[in-house]
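Participant: Predicted coordinates and the sequence they were generated for:
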Amino acid sequence: MGTDDCLFCKMVAGHIPVTKIYEDEVVLAFLDIGPISDGHTLVIPKQHFEKLHDCPSELLGRVGERLGKIAGAVIAAMNSEGYNVLCNNGRAAGQLVEHLHFHIIARSSGDGIFDRWPAYRYEQGRIELIAEEIRKKL
C-alpha cells in the first residue's frame, strides 16, 4: 500500500477528519473511533512506515519521546489506574491499518480488557534453541 492509499496518511494530510489530541512535526495523536476504553488514543508518526521494524531508529526514538507525555495525559484525563501501549505489526497481530501506530489504552482494575494472557511454558531445551535463532537474526 502506498501513502496515497493509506488512511492514516490521509489523516495526517487533513483529508480525513480526526479528533486530535496532539500534533507536532513528528506525530499525530487522535482518539480511536472504535475504542476499547474511554480515551483510547492512537499515536502515529507522520511519515509512512508500515511496521515497527521498518521505522528508522532515530524517528522511532522521536515518536517514543512523545508517547510517554501523551499516555500521561490520557490516564490523567481518564482518571485511570494504568494503561497499555500496544503496537500491532501485520494482519496476524491485529494491524488493520498498514501505517505504524501505537494504541494508548486507559485501564482500570477489573475492566475486563485483556483479562486472559495466553502464557505457556517452553518444553525442556526449547527456550535456548529459540533464543539462538533470534540472536542469529540480529
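Facilitator: The structure has been received and is ready for your questions.

Participant: Pull up the per-residue confidence for the residue of the chain most remote from its centre.
Facilitator: Distance to the chain centre peaks in the chain at Q124, reaching 33.5 Å (criterion: CA atoms, centre = their mean). In this model, Q124 is scored at 95, pLDDT.

Participant: same thing with L52?
Facilitator: At L52, the model reports a pLDDT of 97.

Participant: mind listing what A106 touches?
Facilitator: Shown in contact with A106 (CB atoms under 8 Å, 6 or more residues apart in numbering): 37-40, 74-75, 78, 80, 83. For the C-beta atoms, the positions are set from N, CA and C on the backbone; glycine is no exception.

Participant: Apply 10 Å and report the result again.
Facilitator: Each residue near A106 by CB atoms under 10 Å, 6 or more residues apart in numbering is listed here: 35-41, 71, 74-84, 113.

Participant: List buried residues within those residues.
Facilitator: By neighbour count, with 16 or more other CB atoms under 10 Å, the contacts of A106 hold 36-37, 39-41, 71, 74-75, 78, 80, 83 as buried.

Participant: possible to save these as a markdown table with secondary structure?
Facilitator: As requested, those are arranged in a markdown table below (DSSP: H, G, I helix; E, B strand; the rest coil):
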| residue | secondary structure |
| --- | --- |
| I36 | coil |
| S37 | coil |
| G39 | coil |
| H40 | coil |
| T41 | strand |
| A71 | helix |
| V74 | helix |
| I75 | helix |
| M78 | helix |
| S80 | coil |
| Y83 | strand |
